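**Q** Fold the following.
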Amino acid sequence: MPVLLSYSPADAPWAQWINTSLQAAGHVVEMLPAGVDFAHRLAAALSGPDPVIVMYSAEHRASESDWNLVPLAPGLTVLRLDSAPVPAALRAASCKSLHNLDEEEALEVLMAAISGPQNPFSRTP
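**A** Have a look, this model is predicted:
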C-alpha cells in the first residue's frame, strides 16, 4: 500500500527516518516536501484509498489557508514532531505525537498510524 509522506524541508531527517521505517515494513513511500502546491497534492491523494501522513512541527511554514485546502479524510494522519499546536483545520484528523518518544516508541506510533505491524525491526525468538 503506497503512503504519501508530506513534510517540511526543515524536518527532512525525520522524514527520512519515517520513509526508511515504512519501507522496512513493506510500504512504498512517496515523499512530498511542502512547497507551493503541496496542499493540492495532499487533497488529490486523500481522494483515493491510500494513507497520507502529514508531519507537522513548528518548522512547517504552511499558512492556515493552505491547511484549509486539505480535506479531513479517513486516510489522513498528522504526526506531531514537537509541541507546536496542530493547525485548526487539521485538529479533527487522526493526530499522533512523536514528541519526546524514543525510537522504539516512535516506531510503534508510526506503524499503528498506518495499521501496520508494531515493529518491523523486532525479531521473534
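**Q** my guess is V29 meets N19, correct?
**A** Yes - using CB atoms under 8 Å, V29 is in contact with N19, at 4.9 Å. Where C-beta positions appear, they are placed from N, C-alpha and C, glycine not excepted.
**Q** ok, L46 to V3 distance?
**A** According to CB to CB, to the nearest Å, L46 stands 12 Å off from V3.
**Q** joint contacts of V29 and N19?
**A** L5 (CB atoms under 8 Å, 6 or more residues apart in numbering).
**Q** Okay, and the spatially most central residue of the chain sits in which element?
**A** Taking CA atoms, centre = their mean, the centroid of the chain lies closest to I53, which sits 2.6 Å from it. In this structure, I53 sits in strand 52-56 according to DSSP states H and E.
**Q** Run me through the strand neighbours of that strand, direction for each.
**A** Strand 52-56 has these partner strands in its sheet, going by DSSP bridges: strand 2-7 (parallel), strand 76-80 (parallel).
**Q** for the chain, what's the longest helix?
**A** helix 12-24 (DSSP state H).
**Q** Thanks a lot, see you next time.
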